[in-house]
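Visitor: what's the 3D shape of this:
(2 chains)
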Protein chains: 2
Amino acid sequence: MTYCVGIEVDQGLVFAADTRTSASFDDVRVHRKMHTFEFPGERVFVLLSAGNLATTQLTISKLQSDVDDGAPRNLRSFRHLYQVAEYVGEVLVSSQARIGNDPQHSGVSVQSTLILGGQIAGERPGLYMIYPLGNCIAASPETPYLQIGESKYGKPILDRILRPETSLENAARCALVSLDSTIRSNLSVGMPIDLALLRNGDLKLTQQMRLEGDTPLYAEIHDSWSQKLEAAVHSLPRFPWEPARAEDAEPSSAPRHAPPRNTATRRDPGDMQGQQ
Amino acid sequence: MTYCVGIEVDQGLVFAADTRTSASFDDVRVHRKMHTFEFPGERVFVLLSAGNLATTQLTISKLQSDVDDGAPRNLRSFRHLYQVAEYVGEVLVSSQARIGNDPQHSGVSVQSTLILGGQIAGERPGLYMIYPLGNCIAASPETPYLQIGESKYGKPILDRILRPETSLENAARCALVSLDSTIRSNLSVGMPIDLALLRNGDLKLTQQMRLEGDTPLYAEIHDSWSQKLEAAVHSLPRFPWEPARAEDAEPSSAPRHAPPRNTATRRDPGDMQGQQ
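Guide: Just a heads-up that it's a prediction; the model follows:
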């Protein structure tokens, strides 16, 4: 399995991907799922992949060779990012068809799903999900991220935090927490993590790094996030029957204006009234 | 769909369940998935259910009528909780078989999965997952919780926070956050939430409540959790290229003894080195 996330905020794009591939529990390897195409000052693209590894690698090779050969349609020939997304979708579909015709692959799904993000000079950055059928959707301001692979574990943190005005670095920290949560809860997603940031207007990879478990930045996030979460859970409202926290006590004799915390919660209605 | 979680800590047990059932997007209802059996001072049980609603209700009715009729095997007749779990498993299997024979249900899965927790006088509290086949597993100190239904969204917070020494109330707050995250990220899980706490030795329901979206306690959790998470993400380590935070700056001229934050992260090795 796989977990990749792409994020689109006002300041630019963030990409994060794990690197574990597994044909079974005893056939686990590390393969790159983040692929970059840079034409500095002109255009820059990042592709994240989930699904059949052979399909993905064939797609990436074809995209690169079309550029190298100066094919009529290639990553440099389009004026708009959505046209690039359509072209990548076509290459994906043809890669699946080519591998699918190989009798070796019968019975194995040859499908892949991609996230494409990037920027072409003169346009805003954009982020697309490309489905195995070759069709695609863009991220939206209301949901400024796209996920592929094992996406459920890491979704709540994205839903709660990401907005278009989130800074690029905070979006990247959020992506790393999302990856870390997924890696912790699901064996099929594993270290190291590839991370890339594209700042709006840079027209090249602003930052790109591979994070291992012992990379200082990641190790600190991995170690401290659980403590931060635990502190946050501790600081949630007390139940009515709990004694007040020491730190909640009034430090002076001044009257408190805040409403009382111990508002009664609703009594459970029991089975008979439970159906509405 | 459904999301229910049972937690076993040293201080006792916590149960939380959503109440949404849906046959399809336009057939959504509220049904109780938490069922309680109290024999104060003697024994107390809580059952959480996911799966076919008719199967669950038949199972609950049978468990209750066996008690009412003083059947040879009923919830009061066993000395150990694992025997109760086996008995509930048998009732579940027979309920599935009975509904499965009904030609109306052909083509629909009649299976249910249950979480059983409780305490019998003289024993520690216990927590079991009961599968559709009637077999069961207990929670463990390493994984002091069990989930049924749409479990992935709410799993990371449980993995990061719950340990046997977590207090009963913090475990309950953790359960509410886990439910809230799932409700926010998945339409098939919905309010209100049923919550129950069994403190070790109470031999009755210590606390039981139904939380609506506007119940003060839950509304405060729902409103403040995203802010707490956002503050936690902000306080994670800075990237090497980021300027130090204002609050990180040294307030006095005394030398800093902490190691520098800007330790270089590893340079991304690129595609060629990405395969190991």
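Visitor: so which strand or helix has residue A:57?
Guide: Under DSSP states H and E, the secondary-structure element containing residue A:57 is helix A:53-68.
Visitor: Give me the contact list for that helix.
Guide: For helix A:53-68, contacts defined as CB atoms under 8 Å, 6 or more residues apart in numbering or on different chains pick out A:21, A:31, A:33, A:35, A:37, A:47, A:49, A:71, A:73-76, A:88, A:91-92, A:94-96, A:98-99, A:105, A:110-112, A:114. Where you see a C-beta, it was placed from the backbone N, CA and C, and this is true even at glycine.
Visitor: Please indicate which of these are buried?
Guide: A:21, A:33, A:35, A:37, A:47, A:49, A:74-75, A:88, A:91-92, A:95-96, A:99, A:110-112, A:114 (16 or more other CB atoms under 10 Å in any protein chain shown).
Visitor: Restricted to helices, list those.
Guide: When the buried ones among the contacts of helix A:53-68 are checked against helices using DSSP state H, the ones located there are A:88, A:91-92, A:95-96, A:99.
Visitor: filter the residues you listed down to the ones close to chain B.
Guide: With CB under 8 Å from any CB of the partner chain as the criterion, the subset of those in contact with chain B is empty.
Visitor: So which of those residues is the closest to residue A:135?
Guide: Residue A:135 lies nearest to residue A:92 out of those, by CB to CB, at 10.3 Å.
Visitor: Could you pull out the helices in chain A for me?
Guide: Counting by DSSP H, the segments of chain A that form helices are A:53-68, A:81-100, A:155-161, A:168-185, A:216-234, A:270-273.
Visitor: Next, the angle from the fourth one to helix B:216-234.
Guide: Going by axes from the mean of the first three to the mean of the last three CA atoms, to 10 degrees, helix A:168-185 is angled at 110 degrees with respect to helix B:216-234.
Visitor: Helix A:168-185 vs chain B: in contact?
Guide: Yes: judged by CB under 8 Å from any CB, helix A:168-185 comes into contact with chain B through A:169-170, A:172-174, A:176-177, A:181-182, A:184-185.
Visitor: on that earlier part again, show me how far the helix holding residue A:57 is from its chain's centre.
Guide: 22 Å (CA atoms, centre = their mean, to the nearest Å).
Visitor: Next, the angle from that helix to helix A:81-100.
Guide: Per the same axes, to 10 degrees, the angle that helix A:53-68 makes with helix A:81-100 is 130 degrees.
Visitor: buried ones in helix A:53-68?
Guide: A:53-60, A:62-63, A:66.
Visitor: same thing with stretch A:119-134?
Guide: By neighbour count, and taking 16+ other CB under 10 Å as the criterion, the buried residues in stretch A:119-134 are A:119-120, A:125-132, A:134.
Visitor: Chain B next: which of those residues are close?
Guide: Near chain B, by the rule CB under 8 Å from any CB, you find none of the buried residues of stretch A:119-134.
Visitor: Sort out which one of these lies nearest residue B:7 for me.
Guide: For residue B:7, the nearest member of these is residue A:129. The distance, counting by CB to CB, is 35.7 Å.
Visitor: Is the closest one in contact with residue A:137, as I believe?
Guide: Yes: because the distance of 5.2 Å satisfies CB atoms under 8 Å, residue A:129 is recorded as touching residue A:137.
Visitor: Between those two, which contacts overlap?
Guide: Counting by CB under 8 Å, 6+ apart, the shared contacts of residue A:129 and residue A:137 are residue A:146.
Visitor: Near the residue lying closest to residue A:204 once chain neighbours are set aside, how many other residues are there?
Guide: The spatially closest residue to residue A:204, leaving aside those adjacent along the chain, is residue A:40, at 4.2 Å (CB to CB, 6 or more residues apart in numbering or on different chains). Around residue A:40 there are 10 other residues, counting by other CB atoms under 10 Å in any protein chain shown.
Visitor: Kindly report the same for residue A:97.
Guide: The number of residues packed around residue A:97, counting by other CB under 10 Å, is 11.
Visitor: Okay, residue A:11 and residue A:199: tell me how far apart.
Guide: As judged by CB to CB, to the nearest Å, residue A:11 and residue A:199 stand 6 Å apart.
Visitor: Compare neighbour counts for the two and give me the winner.
Guide: Relative neighbour count places residue A:11 above the other of residue A:11 and residue A:199, with 21 against 17, counting by other CB under 10 Å.
Visitor: right, and that one touches residue A:201 too?
Guide: No: shown here, residue A:11 and residue A:201 do not form a contact pair, counting by CB under 8 Å, at 9.6 Å.
Visitor: rewinding a little: now for residue A:11 and residue A:199: what residues contact both?
Guide: Shared between the contact lists of residue A:11 and residue A:199 (criterion: CB under 8 Å, 6+ apart) are residues residue A:168.
Visitor: Look up how far residue A:84 lies from the residue of the stretch 1-150 of chain A found nearest chain B.
Guide: Closest to chain B within the stretch 1-150 of chain A is residue A:32: 3.3 Å, counting by CB to the nearest CB. Counting by CB to CB, the separation of residue A:32 from residue A:84 is 20 Å.
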